[in-house]
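Novice: everything below, folded, please.
(chains A and B)
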Amino acid sequence: MLDDVWTPSQDVQPVLPSSGDPSTAVVPAEWRYLLASMWRIRYFEDVVKSLFVRGLLRGSTHLYQGQEAVAVGVCSELQEGDTAACTYRGHGVVLAMGSPVDRSFAEILGRAGGLCGGKGGSMHLTDFSVGAIGSNAIVGGHLPIVVGAAYAAQYLRTGAVSVAFFGDGATNIGSFHESLNLASVWKLPAIFVVENNHYGEYSPLTTTTPVTRLADRAASYAMPGVYVDGNDVAAVQSVTREAIERARAGLGPTLIEADTYRQEGHSRSDSAAYRPPGELDAWLEQDPIIRLEKSVLREGLADEDVLAELRQGVHDEVHDGEERALSWPEPELETRFADVYA
Amino acid sequence: MTVELNYRQAISRALADELEADPTVVLIGEDVGAAGGAFKATAGLFEQFGPMRVRDTPISEQAIVGAALGAALMGMRPVAEIMFADFAGVCFDQIANQLAKYRYMTGGQARVPVTVRMANGAGAGFAAQHSQPVENWFLNIPGLKIAVPATPADLYGLLRSAIRDDNPVLVFEHKNLFAVKGSLGEGDGMVPLGVADVIRSGRDVTIVATQQMRYRALEAAERLHGGGIEAEVIDPRTLVPFDDATVTKSIERTSRLVVVQEAPVDGSWGASLIARMVTQNWTLFDAPPALVAADATPIPFAAALEAQWLPTVERIVRTVEETVAS
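Specialist: Residues are numbered from 1 along each chain as shown, chains lettered A, B, ... in the order given. Next comes the predicted model:
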């Protein structure tokens, strides 16, 4: 008998933010746009949570609070014609791509006026008109699709890039590896953004993944792997710019690991009781929106009144969108037979 | 001018004609390019159209199907090859959860003109993981179309129609039919998806069969003719959509139905067809319909065992005789 048999560790240590400074290093010129975009997502998700609590939503939902700087930082660097696909935790990315708040709410509510006519719901928000080509509810399912969008860009010479947003958990599924490999060997204009929020559903990353730096996984596919503080919107923009330049120049894909944190549980049924004490509080200190606001104040670009006004404006916009969506009708029953085939 | 060609050549000819006709058509898959395909079904295309349009991929079925889907969303019309249809198991998610549902769950925003070609079927000694009747796996997934051509002309025409279709179409190429000869007549040779072919007329019984079983059904019909039984033989050519009307019309005359399939009964197209015919046309029948199917086992390797797994001409003849006698 071996007496040193390996057993899984039950000792899960808190994952603490890497940044000690609760601000962003740089304040981008378009800070108002970035702040408004992040608040829009935050308020939107707060409303989604409230709709659930009020019993107005069906199924499940996966909230994005705390990760706003990733979606906004990346999508703010994209141009018309570029595309992005994301996960079932995808409200943030779709809003950051520019989808209207009311039609996004309406989709989550299953209304006729929803982005997908009520056929997709929370996990499948899609808006081709803004380049949001799909929210996927299969972990890793959209990565090959993003590779295909990048393949089309290369073949049709459109100059577009395609971005895949996915969680840390997706880096353990086969499609991740197939996608990075193919994108690299074909030098495709794809950008893989892993939003490392440190939990794959309920399991801490350390219990499922043997590497701690997910960006290191890029080495197997001969592409740059870049780690970035995912709660610093300016830093996310900066690494995204480099990845986009590389992609548009025909040099191939990049893997970006954005270190961030899911402030809510995995889904509506998850209270996240598995978190070690102190972890959430430490990350709330590093909230990406608060960090940008602090930096704006530090640089003297605005005072608290100006920020409060900005917040109020976005808050009202989101709540107006909620009201409109709630006033819209349910889909006509015959529409269930439409769109099975073209 | 009539063109003589075999089943294998019909594949490359259809692909070449569509690559020629539409610059957004591309072909991707394992060894489809420089090597000309594992079955040499794409021979010559790489030389004719170049590496941008006939592109070799890594052994990555998920990435192959997903890349075809993503490219289709962006305005291309890709053809993806899955070398052996059994490998669809490796990319089941991309076919079942992605390709089939993309249009529906986006409320019709997406157009998914993807053709997935797969080499299918038993009888060639490839054993359990390279011989399955994989078309049956996908019957219960609305959003896909499924083509099962048996002749060079049908393969040519259905493959071209599949590529031009704005929906995902799975085209199953039966690898025991690659050497079958045939001809293409005048015109573009297109065969629409969803139209059955009545390949033999008869008044006593309707036999429905696809691909390899179509040939065995025809052989059985000839033997039955010697015994005074006239069988009508129908090849549906596509399983989704299925041309129920042609089968119903035949049963109106024959009042008897025998389905022959290279697959076990449960979850198969033959079982579904019989269920539809019985529930919709109960009063037309003078005898219970029969399903000549493969054994409910994995496909064995040894020649004698595999031959028993597949429905034989003798079994078809016997079943038809029993059906006609009852």
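Novice: buried ones in the helix or strand hosting B:Ser183?
Specialist: Using DSSP states H and E, B:Ser183 sits in strand B:181-184. For strand B:181-184, a neighbour-count test (16 or more other C-beta atoms under 10 Å in any protein chain shown) marks B:Gly182, B:Leu184 as buried. Heads up, the C-betas are built off the backbone N, CA and C, glycines and all.
Novice: contacts only, for B:Pro241.
Specialist: Contact analysis of B:Pro241 by C-beta atoms under 8 Å, 6 or more residues apart in numbering or on different chains lists B:Lys145, B:Leu193, B:Gly194.
Novice: what subset of the residues you listed is also close to chain A?
Specialist: Checking the contacts of B:Pro241 against chain A by C-beta under 8 Å from any C-beta of the partner chain, the ones in range are B:Lys145.
Novice: among the contacts of B:Pro241, which lie within strands?
Specialist: Applying DSSP state E to those, the entries found in strands are B:Lys145.
Novice: can I get the contacts of B:Pro241 in a markdown table with neighbour count and pLDDT?
Specialist: Formatted as a markdown table, the contacts of B:Pro241 follow (neighbours: other C-beta atoms under 10 Å in any protein chain shown; pLDDT from 0 to 100):
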| residue | neighbour count | pLDDT |
| --- | --- | --- |
| B:Lys145 | 23 | 98 |
| B:Leu193 | 22 | 98 |
| B:Gly194 | 18 | 98 |
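Novice: ok, the contacts of B:Pro241 vs B:Val205, which is closest?
Specialist: B:Val205 has its nearest neighbour among those in B:Gly194, at 24.0 Å by C-beta to C-beta.
Novice: tell me the pLDDT of the residue most central in space within chain B.
Specialist: When C-alpha atoms, centre = their mean is applied to chain B, the residue found nearest the centroid is B:Val148 (1.3 Å). We have a pLDDT of 98 for B:Val148.
Novice: tell me how many other residues surround residue 281.
Specialist: Picked chain A for this. 9 (other C-beta atoms under 10 Å in any protein chain shown).
Novice: not what I meant, chain B
Specialist: 17.
Novice: just to be sure, it is in a strand?
Specialist: No. Checked against DSSP: H, G, I helix; E, B strand; the rest coil, B:Asn281 lies outside a strand; its state is helix.
Novice: report the separation between it and B:Ser268.
Specialist: Distance, B:Asn281 to B:Ser268, using C-beta to C-beta, to the nearest Å: 19 Å.
Novice: likewise B:Ala245?
Specialist: B:Ala245 is 21 Å from B:Ser268, by C-beta to C-beta.
Novice: and those two? which has more neighbours close in?
Specialist: Counting neighbours by other C-beta under 10 Å for B:Ala245 and for B:Ser268 shows that B:Ser268 has the greater number, 22 against 11.
Novice: that one contacts B:Asn136, correct?
Specialist: Yes. Between B:Ser268 and B:Asn136 there is a contact at 4.9 Å, judged by C-beta atoms under 8 Å.
Novice: which non-adjacent residue is nearest B:Ala100?
Specialist: B:Gly143 (3.5 Å; C-beta to C-beta, 6 or more residues apart in numbering or on different chains).
Novice: give me the neighbour count for that neighbour.
Specialist: For B:Gly143, the neighbour count with other C-beta under 10 Å is 21.
Novice: also A:Glu330?
Specialist: So A:Glu330, with other C-beta under 10 Å, has 11 neighbours.
Novice: next: the one 3 residues further on.
Specialist: Counted with other C-beta under 10 Å, the neighbours of A:Leu333 add up to 7.
Novice: show the contacting residues for B:Gly104.
Specialist: Residue B:104: Tyr, not Gly. Taking C-beta under 8 Å, 6+ apart as the test, what B:Tyr104 contacts is A:Lys119, A:Asp339, A:Val340, B:Pro142, B:Gly143.
Novice: so who does the first one touch?
Specialist: I take that to be A:Lys119. Shown in contact with A:Lys119 (C-beta under 8 Å, 6+ apart): A:Pro331, A:Thr335, A:Arg336, A:Asp339, B:Tyr104, B:Met105, B:Thr106, B:Gly107.
Novice: recalculate using a threshold of 6 Å.
Specialist: Neighbouring residues of A:Lys119 by C-beta atoms under 6 Å, 6 or more residues apart in numbering or on different chains: B:Met105, B:Gly107.
Novice: wasn't it part of a helix?
Specialist: No. Judged by three-state DSSP, A:Lys119 forms no part of a helix; its state is coil.
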